[in-house]
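[1] coordinates only, no sequence provided:
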Ligand code: 5GP
């Protein structure tokens, strides 16, 4: 018997830093990780699926969830509302699964306060210039949104000191192996992993 307890992994970083790609890469190689699907009032993008990327909600449904205390944390990001559902987190951790939250820094601050034992990683770009280059390179953002995202990036980055780990995403493969190493070490914290030693 392992006596293994699940961890809560909080990953934040400014838009354009490569957070989505990072989350996808770590999830693909580690079966113990489960993604917490958030509720949002944002419109669904073409490639997104209900219940896979998000639970898409009307403002009314979202407000009801807030009043029912269904969220671990919630925040407004770029004029849309997002929240982490308790139903995505607590039971899974009880079962020993490691739950991954891809959330903004306002929400992350709420999680850090409520669950200080969580593992928090902040992804940094190598520079603001490079972040702008990546945002512009997406080609999906208008000049105005790029400016908006750059301003929000500065606010996000100003909260980085509250996170336990910082990873700079300059070279993606290097950043990925650093995140992998953090997860591997955290799984072996004695508070999470304290197996009995059998006689034979
Ligand atoms: P997007 O709309 O591009 O999918 O996400 C925009 C931002 O909202 C990202 O920084 C993402 O991490 C954040 N986000 C997604 N889900 C949640 C959530 O449940 N809570 C909070 N606080 N932020 C979220």
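    Yes, it's here. The model shown is predicted, which means the values in this text are computed figures rather than measured ones.
[2] mind listing what's buried along stretch 6-24?
    6-19, 22-23 (16 or more other C-beta atoms under 10 Å). For every residue, glycine as well, the C-beta is placed using N, CA and C.
[3] cool, and stretch 59-75?
    Here stretch 59-75 shows 62, 65, 70, 71, 72, 73, 74, 75 as buried, counting by 16+ other C-beta under 10 Å.
[4] helix or strand right after the helix or strand hosting the second one?
    In this assignment (DSSP states H and E), residue 65 forms part of helix 59-67. Tracing the chain past helix 59-67, the next element assigned as helix or strand by DSSP H and E is strand 71-77.
[5] end to end, how far does stretch 193-200 reach?
    End-to-end distance for stretch 193-200: 20 Å, by C-alpha to C-alpha, to the nearest Å.
[6] follow-up on the earlier one: which strands and helices sit next to the helix holding residue 65?
    Packed against helix 59-67, as judged by 3 or more C-beta pairs under 8 Å, 6 or more residues apart in numbering; DSSP states H and E, are the following elements: strand 38-40, strand 80-85.
[7] could you dump these to TSV with distance to residue 122, mean neighbour count and mean pLDDT?
    Below are the helices and strands packed on helix 59-67 laid out as TSV (distance: least, C-beta to C-beta, whole Å; neighbours: other C-beta atoms under 10 Å; pLDDT from 0 to 100):
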stretch	distance to residue 122	mean neighbour count	mean pLDDT
strand 38-40	18	21	98
strand 80-85	17	20	98
